[in-house]
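[1] let me see the structure of the following:
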Amino acid sequence: MKTHDLEQIWKTTLAQIEVKLDSPPHFKTWFLPTELKSIDGRKAIIGVRNSYASDWLKKKYYELLQDRLSHVAGKDLDLDFVISKEIANEALPSVSKSDQEQSQSSLLNVRAGVNMDFNDLVAQSNLNPDFSLSHFVVGPSNRLAQAASLAVIENPGTVYNPLFIHGDTGLGKTHLAHAVGIKLLEKKTSRKVLYKPSENFLNEMVSSIKSGKTNEFRNKYRYLDLLILDDIQLISKWEQTQDELFNTFNALRSKNKQIILISDRAPEKIHNLESRLLSRFQGGMIIQVEKPDFETRLAILKAKCSDFNINLPDDVLEHMAKNVTENIRKLEGSLHQIALYNRIHSSQISPQEVASILGTDIKSKREKIKPRDVMRVVAKEFQVTSKDILGRTRKADIAFARQVVMYILRTDFGYKLEDVAHALNRKDHTTVIHAVDKIQSKIELEKSFQEQMEQLRVEMNS
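    All right, here's what the predicted structure looks like:
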């Protein structure tokens, strides 16, 4: 279908929706910054400015859009939404005061006497609208944290209070906490929700003391429905902040208001934390988010490709998922780096080019990780020593760990058979061939061992 025809169909569709909706600000915010990109058979593709707009339109107005577009196009259509770079870079249409006064939309909410739409509520709460539940990829490493978050959404303040989520940086802890806040606001826009890094909490408290406004500070935090404090491990540095947090904590808990705490370590590992605060932290649900496995990393990459309209071959995504194991944040950064490279060059990027760009090619790996490093990680995993692996003993547990080292050096680092044998004090490289075949077969047959090998690679890259 020609571009002109698509534009005319969409213009007519939007005109009908505007009349039916009868809410100028709502129409301008959600429907005007859209475009009809294509109609192929019974599939219509609608371009929107960001993932949050996509989620909102699918959830709230899919049937309205489908009904009006099908009517105008003259056939039943199924809708799909994609992020349009052109729309994303455009300024949002302005909403006049008269438009606001006319609107009776349920999306509008009155808080402290000021009209604001849902985007304003999210922004005022310091929440990131891109951190929604629908864009949180669930896997074995975070499934329990996601389940607990869903329970909090259903019964805020009464179960898992506080919800204490800990784990290494860049694993999605903050994303999940923001998603809870956004969902609670969706369910009830009059809720008072606030996300704060603990350092900002401290700075705000110090400022309130200097300006004599401690009452305002306390009222701000003690009358919330949901308080999310990030990097809570930093609270141990400041004794007075711990006092204020303890009192705020008690005030919220006494009114069954929800608290979510995010940390890079478990409560008992936060140094200099007052015992009374430690007791409060341990009184709810404590959940660790771990590093995602290969399947989860691959799913995250594919989800991000969909969100940002990135088109990369599966073998490239698989290479990235296999080799970028530190955290999700680095994985996303690597994806954007590769996508930019792919846009600049006319030919489709190859896994070999990706490896060179990311430093995951064999040469880069060898420079970063030496055979002794591989032995150390494997020895720790199988509870033997590097000396055992280099020795002559044929005890089953030590021999197996030795074979794993041989397999990794050969397949992950591309060492020649003779070099692998030499690194492990073996004269005959046929033992390396046998080890590689045995470990490969075990990986193919046993899912648990495949996951164990994947975790070993994560440890080495860390």
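[2] helices along the stretch 151-300 of the chain, start to end?
    173-187, 198-210, 214-222, 239-254, 275-281, 294-307 (DSSP state H, counting those that start in this stretch).
[3] just name the most buried of those helices.
    Comparing these by mean neighbour count (mean count of other C-beta atoms under 10 Å), helix 173-187 ranks first with a mean of 22. Just so you know, the C-beta spots here come from the backbone N, C-alpha and C atoms, and that holds for glycine as well.
[4] export that helix as PDB, just CAs?
    Only the C-alpha atoms of helix 173-187 are listed here, as PDB (Å, rounded to 0.1, in the frame of the first residue of the first chain):
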ATOM      1  CA  LYS A 173      16.800  -4.600  40.600                       C
ATOM      2  CA  THR A 174      15.900  -1.000  40.000                       C
ATOM      3  CA  HIS A 175      13.900  -1.800  36.900                       C
ATOM      4  CA  LEU A 176      11.800  -4.200  38.900                       C
ATOM      5  CA  ALA A 177      11.200  -1.700  41.800                       C
ATOM      6  CA  HIS A 178      10.200   1.000  39.300                       C
ATOM      7  CA  ALA A 179       7.800  -1.400  37.600                       C
ATOM      8  CA  VAL A 180       6.100  -2.000  41.000                       C
ATOM      9  CA  GLY A 181       5.700   1.800  41.500                       C
ATOM     10  CA  ILE A 182       4.300   2.300  38.000                       C
ATOM     11  CA  LYS A 183       1.800  -0.600  38.400                       C
ATOM     12  CA  LEU A 184       0.600   0.700  41.700                       C
ATOM     13  CA  LEU A 185       0.000   4.100  40.200                       C
ATOM     14  CA  GLU A 186      -1.900   2.600  37.300                       C
ATOM     15  CA  LYS A 187      -4.200   0.800  39.700                       C
END
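[5] that one - contacts with which helices or strands?
    Applying 3 or more C-beta pairs under 8 Å, 6 or more residues apart in numbering; DSSP states H and E, one finds that helix 173-187 contacts helix 118-124, helix 143-154, strand 163-166, strand 193-197, strand 226-230, strand 258-263.
[6] and these as CSV, adding mean neighbour count?
    Below are the helices and strands packed on helix 173-187 laid out as CSV (neighbours: other C-beta atoms under 10 Å):
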stretch, mean neighbour count
helix 118-124, 18
helix 143-154, 18
strand 163-166, 25
strand 193-197, 20
strand 226-230, 24
strand 258-263, 26
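[7] residue 172 is nearest to which of those?
    Ranking the helices and strands packed on helix 173-187 by proximity to residue 172 (C-beta to C-beta) places helix 143-154 first, at 8.2 Å.
[8] out of the helices of the stretch 151-300 of the chain, which is closest to residue 77?
    Between the helices of the stretch 151-300 of the chain, helix 294-307 lies closest to residue 77; by C-beta to C-beta that is 20.1 Å.
[9] which outside residues touch that closest one?
    Under the criterion C-beta atoms under 8 Å, 6 or more residues apart in numbering, residues 51, 82-83, 135, 137-142, 292, 310-312, 317-318, 320-322, 324-325, 328, 331-332, 335, 454 lie in contact with helix 294-307.
[10] how about stretch 434-441?
    Contacts for stretch 434-441 (C-beta under 8 Å, 6+ apart): 402, 403, 404, 406, 407, 410, 411, 453.
[11] roughly how far is that stretch from the heart of the chain?
    Centre-to-centre, stretch 434-441 and its host chain are 36 Å apart (C-alpha atoms, centre = their mean, to the nearest Å).
[12] one more: stretch 340-353?
    On C-alpha atoms, centre = their mean, the centre of stretch 340-353 falls 25 Å from that of its chain.
[13] could I get the CA-only coordinates of it as PDB?
    Taking Å, rounded to 0.1, in the frame of the first residue of the first chain, the C-alpha atoms of stretch 340-353 are listed here in PDB:
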ATOM      1  CA  LEU A 340      25.300   1.800  15.700                       C
ATOM      2  CA  TYR A 341      28.200   0.000  13.900                       C
ATOM      3  CA  ASN A 342      25.600  -1.900  11.800                       C
ATOM      4  CA  ARG A 343      23.800   1.300  10.800                       C
ATOM      5  CA  ILE A 344      27.100   3.000   9.800                       C
ATOM      6  CA  HIS A 345      28.200   0.100   7.600                       C
ATOM      7  CA  SER A 346      26.200  -1.000   4.600                       C
ATOM      8  CA  SER A 347      26.800  -4.700   4.900                       C
ATOM      9  CA  GLN A 348      25.300  -6.900   7.600                       C
ATOM     10  CA  ILE A 349      27.600  -7.300  10.600                       C
ATOM     11  CA  SER A 350      29.100 -10.700  11.300                       C
ATOM     12  CA  PRO A 351      29.800 -12.500  14.600                       C
ATOM     13  CA  GLN A 352      33.500 -12.100  13.800                       C
ATOM     14  CA  GLU A 353      33.200  -8.400  13.600                       C
END
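[14] below-threshold pLDDT in the protein: ranges please.
    1-3, 22-23, 25, 88-117, 346-347, 360-367, 462 (pLDDT under 70).
[15] what residue spans form the domains of it?
    3-88, 133-288, 294-359, 367-461 (automatic domain parsing).
[16] turn the ones you listed into a markdown table, columns for distance to residue 122.
    As requested, the domains of the chain are exported to a markdown table (distance: least, C-beta to C-beta, whole Å):
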| stretch | distance to residue 122 |
| --- | --- |
| domain 3-88 | 8 |
| domain 133-288 | 6 |
| domain 294-359 | 17 |
| domain 367-461 | 34 |
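[17] residue 206: which of the helices and strands packed on helix 173-187 is closest?
    Once these are compared by C-beta to C-beta, strand 193-197 is nearest, at 13.9 Å.
[18] strands of the chain, start to end?
    Applying DSSP state E to the chain gives strands spanning 35-40, 43-48, 78-83, 109-111, 114-116, 163-166, 193-197, 226-230, 258-263, 285-288.
[19] who's in contact with residue 68?
    Residue 68 neighbours (C-beta under 8 Å, 6+ apart): 13, 16, 17, 20.
[20] can you put the helices and strands packed on helix 173-187 in CSV and add distance to residue 435?
    Below are the helices and strands packed on helix 173-187 laid out as CSV (distance: least, C-beta to C-beta, whole Å):
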stretch, distance to residue 435
helix 118-124, 55
helix 143-154, 34
strand 163-166, 38
strand 193-197, 49
strand 226-230, 46
strand 258-263, 41
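[21] quick one, which of the helices of the stretch 151-300 of the chain is nearest to residue 120?
    Distance to residue 120, taken as C-beta to C-beta, is lowest for helix 173-187 among those, at 10.7 Å.
[22] what does that closest one rub up against?
    118, 121-122, 125, 127-129, 131-133, 135-136, 142, 145-146, 149, 152-153, 156, 163, 165-167, 191, 193, 195, 225-226, 228, 230, 258, 260, 262, 289.
[23] go again with 6 Å.
    121, 125, 127-128, 131-133, 136, 145, 149, 152-153, 165, 167, 191, 193, 226, 228, 230, 260, 262, 289 (C-beta atoms under 6 Å, 6 or more residues apart in numbering).
[24] cool, and stretch 120-140?
    51-52, 55, 146, 175, 178-179, 181-182, 185, 189, 193-195, 292, 296, 299-300, 303.
[25] if we go to 7 Å?
    For stretch 120-140, contacts defined as C-beta atoms under 7 Å, 6 or more residues apart in numbering pick out 50-52, 55, 109, 119, 146, 172, 175-176, 178-179, 181-183, 185, 189, 193-196, 292-293, 295-296, 299-300, 303, 307.
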